[in-house]
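1. Fold the following, please.
(chains A and B)
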There are 2 protein chains.
Amino acid sequence: MQRYKCIVAYDGTQFSGYQIQPNGRTVQGEIEKTLGKMHKKDCVQITGSGRTDAGVHAVGQVIHFDSELNIPEERWVKAINGQLPEDIAIQSVERAEEDFHARFSAKGKEYRYKVSLSKRKNPLIRNYVYHYPYPLDMEAVQEASRFLIGTHDFTSFCSAKTEVEDKVRTISAINVLETDQDEYTFQFIGNGFLYNMVRILVGTLLDSGAGKLNPKEFPKILKSKNRDMAGKTAPAKGLYLWKVMYDN
Amino acid sequence: MQRYKCIVAYDGTQFSGYQIQPNGRTVQGEIEKTLGKMHKKDCVQITGSGRTDAGVHAVGQVIHFDSELNIPEERWVKAINGQLPEDIAIQSVERAEEDFHARFSAKGKEYRYKVSLSKRKNPLIRNYVYHYPYPLDMEAVQEASRFLIGTHDFTSFCSAKTEVEDKVRTISAINVLETDQDEYTFQFIGNGFLYNMVRILVGTLLDSGAGKLNPKEFPKILKSKNRDMAGKTAPAKGLYLWKVMYDN
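-> So this is what the prediction gives:
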């Protein structure tokens, strides 16, 4: 048996999310079915670095799986992609140590979130960018984001449904860049992110840019440990799991 | 009755094309149905600057229609977009002279075509960019494109099914720019384009960049007036009707 580490990109639009479920089309389900066919089994179990919700995209999701098939590394990508649906594509496959684990070995993650401030609706990016056609004070957004960097209890910035107990996470970087005409990309790098955390961070940062919330309130929101103090959860379609970081 | 000029953007992926047809979802059909509802009629006829095929996108398609509704210019956009499906969006509506005609008044058009040379499949752009993962000699592409600029009979570069008799058109500009990582955009500006012309031009220019066709062959291809001398028709999904030009 050989363990493989695999980088996967997908368009989340037509998935009920990453994680397999009895009803609904999932990324995990499609990949397991495809690997199953290649191995002439019902399915081959895969483990992802974490879930993504319905509508959330990935450029660099990481999964691992074990296989006894004797396929050279460079052939795996074509072999799997040839059978996957068009909205998932394996980016790379490499042999890993047998104790490599896509989730537990992860040291950090990068997420990106795209927002369009254009006054006009653009149907070509409707599933890939959050359309927020309002004036935005980028200096207020930058000021607010500086309060979020560092190690904090992010209870206020995760879904009330979050089940993990320890809500302390470290955000090492938040950058906001103009990446296209009227389009801004928010970049978040950290050691881990709670359920809906990036989307709630974006929703709250947009409130500060729109003048609805003073950036100086951010330390209080963190301290309150109360989800209701933060802003709305920004829509799934603007969110991308960009990269998962490991030692090596 | 007031004539209106209207700029329309659409994602061509889920349309059988621009032009209305008995079966199949079309851009014209959806807009006429929406305007019909607003006017409490079965449909309100619209006229476009020209057709686009299934899968072809538009950033700046232009249409005209006549209406007796008394709606201020700036309200039209929201009123129509509120009822259109998500893959079409009106960009602007303005009052036009009664002899304005979206097709016959047009002085020129700009098309763009996007090609990705990345080795990796990117599911996020699968419907919006032609994936051509081969080395491309951009100087050969530039050299070949210079032979196409000017006034020529483009019989060799249009579908053999083209019905118009006069196949002389003027191309005023062809530019190829790197617009993203491994992504090139071809820009074509001319006084008019024949059926499939831009897609065949792109297919043939890619042949020259791939070393399958010497750029110096282009004048001979034009002279032959034979569709079989040119390259393949590049896929619809990379093509965008970018702009339609009118006087003033």
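
2. Ends of stretch A:52-70, what's the gap?
-> 31 Å (Cα to Cα, to the nearest Å).

3. What residues of that stretch count as buried?
-> Neighbour counts over stretch A:52-70 (16 or more other Cβ atoms under 10 Å in any protein chain shown) mark A:52-65, A:67 as buried. The way it works is simple: take the backbone N, C-alpha and C, and place the C-beta from them, glycine included.

4. Those: which ones sit near chain B?
-> A:His57, A:Val59 (Cβ under 8 Å from any Cβ of the partner chain).

5. nearest to B:Ile31, of the buried residues of stretch A:52-70?
-> A:Gly55 (26.9 Å; Cβ to Cβ).

6. Spit out the contact partners of A:Phe188.
-> A:Glu110, A:Tyr111, A:Arg112, A:Tyr113, A:Ile171, A:Ala173, A:Ile174, A:Val198, A:Leu201 (Cβ atoms under 8 Å, 6 or more residues apart in numbering or on different chains).

7. CSV for the residues you listed, including pLDDT and neighbour count?
-> Converted to CSV, the contacts of A:Phe188 look like this (pLDDT from 0 to 100; neighbours: other Cβ atoms under 10 Å in any protein chain shown):
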residue, pLDDT, neighbour count
A:Glu110, 98, 19
A:Tyr111, 98, 23
A:Arg112, 98, 21
A:Tyr113, 98, 27
A:Ile171, 98, 23
A:Ala173, 98, 11
A:Ile174, 98, 20
A:Val198, 98, 26
A:Leu201, 98, 27
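
8. Of those, which is the nearest to A:Lys237?
-> Closest to A:Lys237, out of all of the contacts of A:Phe188 and judged by Cβ to Cβ, is A:Tyr113, at 10.0 Å.

9. Got phi/psi on that closest one?
-> Note on A:Tyr113: backbone dihedrals following degrees, to the nearest 10 are phi -140, psi 130.

10. Please determine how far it is located from chain B.
-> 14 Å (Cβ to the nearest Cβ, to the nearest Å).

11. I'd guessed that residue sits against A:Val198; true?
-> Yes: A:Tyr113 lies in contact with A:Val198 (Cβ atoms under 8 Å); the separation is 6.2 Å.

12. what do these two both touch?
-> Both A:Tyr113 and A:Val198 are contacted by A:Phe188, A:Leu239, under the criterion Cβ under 8 Å, 6+ apart.

13. near chain B, which residues of chain A?
-> Checking chain A against chain B by Cβ under 8 Å from any Cβ, the hits are A:9-11, A:57, A:59, A:81, A:86-89, A:91, A:120-124, A:126, A:128.

14. the strands in chain A, which residues?
-> For chain A, strands defined by DSSP state E occupy the ranges A:2-10, A:47-48, A:57-67, A:88-96, A:106-116, A:130-131, A:150-153, A:168-180, A:183-190, A:239-246.

15. mean confidence for the last one?
-> The reference is to strand A:239-246. Strand A:239-246 shows a mean pLDDT of 98.

16. For that strand, C-alpha coordinates in PDB please.
-> Written as PDB, here are the backbone C-alpha positions of strand A:239-246 (Å, rounded to 0.1, in the frame of the first residue of the first chain):
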ATOM      1  CA  LEU A 239     -14.800  31.900  -1.100                       C
ATOM      2  CA  TYR A 240     -11.800  29.800  -2.300                       C
ATOM      3  CA  LEU A 241      -9.800  27.300  -0.300                       C
ATOM      4  CA  TRP A 242      -6.500  28.500  -1.900                       C
ATOM      5  CA  LYS A 243      -3.700  26.400  -0.300                       C
ATOM      6  CA  VAL A 244      -3.100  24.000   2.500                       C
ATOM      7  CA  MET A 245       0.400  24.100   4.100                       C
ATOM      8  CA  TYR A 246       2.400  21.200   5.400                       C
END
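
17. Just name the shakiest helix or strand of chain A by mean pLDDT.
-> helix A:73-81 (a mean of 92; mean pLDDT, DSSP states H and E).

18. Please compute how far that one lies from its chain's middle.
-> The chain centroid and the centroid of helix A:73-81 are separated by 24 Å, computed with Cα atoms, centre = their mean, to the nearest Å.
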